[in-house]
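# With the input below, show me the fold.
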Amino acid sequence: MALRLGKQFNRNYHVRLPFLNGFYNIGIYFSKRSVFLLFSVDSEFSYNDGIFNNKINMFKNLESSKFCETFLKLHNYRKDTLDIINQFKEIKPEYFSEISFILNESISLNKVCVNDKDLYDTLNIYGMTINTNVNEFIFLIVERHHIIKRLNKKVVRTSGIQISTLSALKMLDDYHVESKTAGKMGTEIRYGAAKKIIKLD
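Reported below is the predicted structural model:
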């Protein structure tokens with residue numbers, strides 16, 4: 001069944017990303033006149049590649065994502081001329097060696113002159129993976145920067161989509177637990193097949 005969009009979605013951008021022995025084609029649908037975003041996902045796999053065990057999650061609120069909570073710093077800011085919610089700021093320094101970019105693109109949609117200053121409507125796309133599961137995990141962040149000229153205001157809204165195998169999800173869960181407990185006195189961290197224990201005194 002074809003994806004049907006309302007009139008507010010009048011632009012789209014597609015990315016094709018490798019995953020296991022195939023590809024995912026991710027469509028990003030948006031409007032030049034608003035911050036609305038919508039995703040579509042199509043796959044290119046042979047029948048026996050285990051695609052049916054892959055998990056896809058979409059996030060309108062990045063703070064509800066374990067990946068973002070664990071690995072990323074997000075930026076929120078509000079004043080009369082600027083309204084930002086969950087803008088991607090950076091990878092947390094302690095996880096620089098654990099996360100890699102697989103995509104970093106910016107698309108200028110429109111130039112708007114506000115108070116003799118040129119501002120740009122843009123779509124920023126960041127793709128990341130967990131290094132231990134490079135070909136089994138994708139987290140795509142899409143930022144919509146929209147200038148509302150009649151209000152002299154810039155609005156930034158962000159959405160995300162995560163595609164993962166079950167083993168990569170387990171790794172993400174382990175990182176998430178570790179991020180909550182690391183460095184706390186009396187904490188036990190279990191790792192490896194033999195469940196060896198490191199106790200933090």
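
# hang on, residue 55 packs against residue 166?
Yes. Counting by CB atoms under 8 Å, residue 166 is a contact partner of residue 55 at 7.1 Å. C-betas here are computed from N, CA, C, even on glycine.

# just the helices in this protein please.
Taking DSSP state H as the test, the helices found in the chain are 66-71, 166-181.

# I'd like to know which of those is closest to residue 35.
Nearest to residue 35, of all the helices of the chain, is helix 66-71, at 18.5 Å by CB to CB.

# Show me where this structure has its strands.
Applying DSSP state E to the chain gives strands spanning 11-19, 22-30, 37-44, 55-59, 72-79, 82-91, 99-114, 117-130, 137-148, 153-164, 187-191, 196-200.

# can you pull the pLDDT of the residue nearest the centre of the chain?
With distances taken as CA atoms, centre = their mean, residue 141 lies nearest the centre of the chain, 2.9 Å away. Confidence at residue 141, expressed as pLDDT, is 97.

# now the strands of the chain in JSON lines, with distance to residue 172?
Shown next, in JSON lines, are these (distance: least, CB to CB, whole Å):
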{"stretch": "strand 11-19", "distance to residue 172": "15"}
{"stretch": "strand 22-30", "distance to residue 172": "17"}
{"stretch": "strand 37-44", "distance to residue 172": "19"}
{"stretch": "strand 55-59", "distance to residue 172": "10"}
{"stretch": "strand 72-79", "distance to residue 172": "13"}
{"stretch": "strand 82-91", "distance to residue 172": "15"}
{"stretch": "strand 99-114", "distance to residue 172": "11"}
{"stretch": "strand 117-130", "distance to residue 172": "7"}
{"stretch": "strand 137-148", "distance to residue 172": "7"}
{"stretch": "strand 153-164", "distance to residue 172": "7"}
{"stretch": "strand 187-191", "distance to residue 172": "15"}
{"stretch": "strand 196-200", "distance to residue 172": "20"}
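
# wait, which of those is closest to residue 174?
Of the strands of the chain, nearest to residue 174 by CB to CB is strand 187-191, at 7.8 Å.

# For the closest one, the averaged confidence score.
pLDDT averaged over strand 187-191 gives 50.

# What are the contacting residues of stretch 87-101?
Stretch 87-101 is touched from outside by 70-77, 124, 126-132, 134, 141, 143, 156, 158, 175, with contacts defined as CB atoms under 8 Å, 6 or more residues apart in numbering.
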